[in-house]
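> Predicted model, plus sequence, below.
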2 protein chains.
Amino acid sequence: MAMVPEVRQLLQEDPGQLGALLEEIHEEDLADLLTLLDDTEAAQVLKSLKAEDAAPVFERLDEETQEALVEEMGVEQIASIVSEMAADERTDLIEALPEPVGDTLLETLEKVDPEAAAEVEELARWPEDSAGGLMTTDYISVRLDLRVSDVIERIRAVGEDAETVYYVYVVDADHCLLGVVSLRDLLLASPTEELSEVLTEKVFSVGPETDQEEVARAMAKYDFLALPVLSADRKLLGVITVDDVMDVLTQEQTEDVQRLGAVEPIEESYFRTGFWTFIQKRAFWLAVLFVGEFFTGSVLRRYDHVIAAVSTLSYYVPLLISAGGNSGSQSSTLIIRGLAMGDIRPGDWWRVLPRELAQGLVLGLILATIGMVRVWAWGDSLPFVLTIGATLVVIVIMGCVVGAMLPLLLRRVGLDPATSSTPFIASLVDVLGIVVYFSLARVLLADVIEAAMKQQGGG
Amino acid sequence: MAMVPEVRQLLQEDPGQLGALLEEIHEEDLADLLTLLDDTEAAQVLKSLKAEDAAPVFERLDEETQEALVEEMGVEQIASIVSEMAADERTDLIEALPEPVGDTLLETLEKVDPEAAAEVEELARWPEDSAGGLMTTDYISVRLDLRVSDVIERIRAVGEDAETVYYVYVVDADHCLLGVVSLRDLLLASPTEELSEVLTEKVFSVGPETDQEEVARAMAKYDFLALPVLSADRKLLGVITVDDVMDVLTQEQTEDVQRLGAVEPIEESYFRTGFWTFIQKRAFWLAVLFVGEFFTGSVLRRYDHVIAAVSTLSYYVPLLISAGGNSGSQSSTLIIRGLAMGDIRPGDWWRVLPRELAQGLVLGLILATIGMVRVWAWGDSLPFVLTIGATLVVIVIMGCVVGAMLPLLLRRVGLDPATSSTPFIASLVDVLGIVVYFSLARVLLADVIEAAMKQQGGG
């Protein structure tokens, strides 16, 4: 970033000027800037800001930098920044810190701002990737016996601290949700109207344990800017805002893509991820896939005498099993995506199966046609041409069926299909493919194999 | 959906009651319901709604159903619904219809609502997947010489038709953007304050030709609810709202995942996609990958005499090339994702290369250790054990380097790395892997191969 030298110079020569320079920069860009400075410089920059200006910057830093700055600036000073952070981000920070540091920070926060500490304790109850982990308690709630103008007055009074002012939640004495009213509806209504007349009573809500991806899909589908989180007895626990949900969509997307590429999800960006993290995230699935492929060796050994007699057969193995693998990964991609989007449920296997069978047949015939021409061009005999053609049809059908059915089966037994499908499908389709190939070859190429064996035995 | 029989019964017995039943349902769910009915029934349901209530439902239908309903209800009736639709959705609909139908609808719209037709002509100038294709012209703009209370009054007056009331755009006489003010800032300010005092002048904006994915990433990063689109001379052309951007994130995610699975992007959900669409989207890449794998056959043929002499060598081919393929797809996944997120630029290849070399070395050593144990357990001789070990190290390094460098190269020459990487990497790594394997075997297993050849020749 072009600003780094400028900031460094000011830090040394005239730190008092820093505030004026930084005022104009978006918090997100300021956070990017801090990660480019060393920790001492970053701490100086943060100190030059007022706590309420430092908070939105601090909450945007990655967890590693946050941890380093807690160390650098001391728990006391961080606590005053943290008390100004949004409740959900504050909780995420304290949970991400190493336990002793997080505990000390929470204790200090209890002295500086007991209310902020209580919010953390409330939000920390829920898993990070659930609706409860995503929600904030900084929302505006009112009672029903108000006029529109009173509600707008209330927004004016408390809006500064709320994460969103665009929805106001109406609750009863037990804090149970009665309905919601948008600021838009409030503005378009007459100021003297009763709140009950503009209230929307039918509110889409989620429970605190709802998976974050489900929350994100619902908000994207229904175009919500915020979504209330209710307990089982309909008490309002918190509100999820659209900005947090967009981050979830991006994060889940990265995880899905990485899982399909047989990499364990990596949180940080490529250049920020350490060497051993990469090894750790890659080695496991690489080893699992590798061990799975051992079976191809075992199966090929079973056809020892056939391969020894007609070694040409082995030249087609990579071509044939890759056709099965590719059609399998196409089908599993389509099904895994459908499951993630909610288009397909595990119980739909009987609707999926005939489709994949039919697609496999047509795709298999297409590849068989291309393959048979190539084999013929290589100068192999007609029985070879037929063996390759027949194997391709069977292998592609098998690839489609296995690729489509395995993710459904894995989901049904409670595993994540995106993580587990790839290795199973790869080795299963490869091994089955080899078995299909040599079984067909033994029938269609019986004469060729027998002649070759006789020749070897007799030669 | 449980409601279908209920709606069918009402349609036959008491269509007048339908409106009351449907009033309580979210437009999104109503759209889902319509797709479960046949076209005639869906048309009846739409007719039972007022045009302004039908519009948000109609704009949520998929393009196929929209087209069927235009046919069913006639252009006249659809035009009155379409004139109530959001400007961006209205444009998408008319563009998606077959040309003669779209043209007729636009002509009819010109009579019913000339302003709505003009908006369509304005928005249709930009590609569908650009900021211009995403933006709406239904925003609120004001001049600078107002007080806060005047602006709020103006929102009250025109807010009904605007896509978002949460941002007000301040423009000069030439409609150039001077700044933006959020409804939140307006509410928290004193009503008598000058607009210029609460105005944010530094506004993040995009041009109409900016790619929609870039827009989505920026809005997610900076937590914007809306983003202005400016022409080169800073004229305000339109506004992109967060709900449209969430759909873009989901859509781009689906496309990326499908491309990585070697499937051409499919727009509709699994069960709504027709048989021949699937074949079309799958056959091309399947055939390309298949033809690429022909080279494995050609290369294996070059080692004809070696394989004929020591057929055991061929048993390891699938195991070895899959190790290269898997490490290659891990690397390409990480790099393609990094490119999409903006973490990696094509010029970063020199930072990526040493990382992938080092990762490949460590991962290769891990697989080599496992592989050598397995080969030894199969009872193959020490030269075999060493050949497999050495090949694995070289192949995994090669997989990592090819998998990481090819997407960067493809991006540099202007191709989409997500689409084009997989087939190239798969066949390149497989073919190179076989060459590495047999080259190493010819050195490390020279004695074994020579002995076997002599025996065959002499036996």
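On my side now, so go ahead.

> quick one, phi psi at the residue nearest to residue A:197 when sequence neighbours are not counted?
Distances taken as Cβ to Cβ, 6 or more residues apart in numbering or on different chains place residue A:189 nearest to residue A:197, at 7.5 Å, with adjacent residues excluded. Just so you know, the C-beta spots here come from the backbone N, C-alpha and C atoms, and that holds for glycine as well. In terms of degrees, to the nearest 10, the main-chain angles of residue A:189 are phi -80, psi 170.

> Distance of residue A:189 relative to residue B:89?
Distance of residue A:189 to residue B:89, given as Cβ to Cβ, to the nearest Å: 26 Å.

> same check, this time on residue A:164
Residue A:164 is 25 Å from residue B:89, by Cβ to Cβ.

> Among these two, which residue is more densely surrounded?
residue A:164 (22 against 18; other Cβ atoms under 10 Å in any protein chain shown).

> Show the model's pLDDT score for that one.
Per-residue confidence (pLDDT) for residue A:164: 85.

> In chain A, where's the longest helix?
Secondary structure of chain A read by DSSP state H shows that its longest helix is helix A:382-412.

> Mind listing what's buried along stretch A:172-187?
Buried residues in stretch A:172-187, defined by neighbour count with 16 or more other Cβ atoms under 10 Å in any protein chain shown: A:177, A:178, A:179, A:180, A:181, A:182, A:183, A:184, A:185, A:186, A:187.

> go on, stretch A:190-209?
Per 16+ other Cβ under 10 Å, stretch A:190-209 contains these buried residues: A:195, A:198, A:199, A:203, A:204, A:205, A:206, A:208.

> Now compare the residues you listed and name the two farthest from each other.
For these, the farthest-apart pair by Cβ to Cβ is A:198 and A:208; their separation is 27.9 Å.

> need the contact list for residue A:247.
Contact analysis of residue A:247 by Cβ atoms under 8 Å, 6 or more residues apart in numbering or on different chains lists residue B:220.

> so it is in which element?
helix A:242-260 (DSSP states H and E).

> Dump that helix to CSV, restricted to CA.
What follows is helix A:242-260, C-alpha atoms only, in CSV (Å, rounded to 0.1, in the frame of the first residue of the first chain):
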residue,chain,number,x,y,z
VAL,A,242,-26.5,-8.8,6.4
ASP,A,243,-22.9,-7.7,6.5
ASP,A,244,-21.9,-10.7,8.7
VAL,A,245,-23.9,-13.0,6.4
MET,A,246,-22.0,-11.9,3.3
ASP,A,247,-18.7,-12.8,5.1
VAL,A,248,-20.3,-16.2,5.8
LEU,A,249,-21.2,-16.7,2.2
THR,A,250,-17.6,-16.0,1.1
GLN,A,251,-16.1,-18.1,3.9
GLU,A,252,-18.3,-21.1,3.2
GLN,A,253,-17.6,-20.8,-0.5
THR,A,254,-13.9,-20.9,0.1
GLU,A,255,-14.3,-23.9,2.4
ASP,A,256,-16.5,-25.7,-0.2
VAL,A,257,-14.0,-25.1,-3.0
GLN,A,258,-11.0,-26.2,-0.9
ARG,A,259,-12.8,-29.4,0.2
LEU,A,260,-13.6,-30.2,-3.4
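
> State the distance from residue A:302 to residue A:438.
8 Å.

> Settle it for me: which of those two has more neighbours?
Each of residue A:302 and residue A:438 has its neighbours counted (other Cβ under 10 Å); residue A:438 has more, 21 against 13.

> give the contact list for the more buried one.
Residue A:438 makes contact with A:303, A:306, A:313 under the criterion Cβ under 8 Å, 6+ apart.

> how about it, secondary structure?
For residue A:438, the secondary-structure state derived from DSSP: H, G, I helix; E, B strand; the rest coil is helix.

> same deal with residue A:239?
strand.

> do you know how far it is from residue A:178?
Applying Cβ to Cβ to residue A:239 and residue A:178 gives a distance of 15 Å.

> one step back: and which of the buried residues of stretch A:190-209 is nearest to chain B?
residue A:204 (7.4 Å; Cβ to the nearest Cβ).

> Could you check how far the closest one is from residue A:238?
15 Å.

> where along the stretch 51-200 of chain A do the strands fall?
Applying DSSP state E, counting those that start in this stretch to the stretch 51-200 of chain A gives strands spanning A:140-142, A:167-171, A:177-182.

> pull the helix or strand with minimum mean pLDDT from chain A.
helix A:18-22 (a mean of 75; mean pLDDT, DSSP states H and E).

> centre of the chain versus that helix, how much separation?
37 Å (Cα atoms, centre = their mean, to the nearest Å).

> Check stretch A:101-116 too.
That offset, for stretch A:101-116, works out to 31 Å (Cα atoms, centre = their mean).

> Same question for stretch A:71-78.
32 Å.

> Straight-line length of that stretch, end to end?
9 Å (Cα to Cα, to the nearest Å).

> How many neighbouring residues does residue A:129 have?
Neighbour tally, residue A:129, other Cβ under 10 Å: 15.

> Can you report how many residues lie near residue A:171?
18.

> ok, the nearest residue to it once chain neighbours are set aside to chain B distance?
Closest residue to residue A:171 apart from its sequence neighbours, by Cβ to Cβ, 6+ apart: residue A:141 at 5.0 Å. According to Cβ to the nearest Cβ, to the nearest Å, residue A:141 and chain B sit 17 Å apart.

> quick one: average confidence on stretch A:327-345?
87.

> Kindly report the same for stretch A:67-85.
85.

> That stretch spans what distance, first to last residue?
16 Å.

> So which bits of it are buried?
Buried residues in stretch A:67-85 (16+ other Cβ under 10 Å): A:67-70, A:72-73, A:75, A:77-85.
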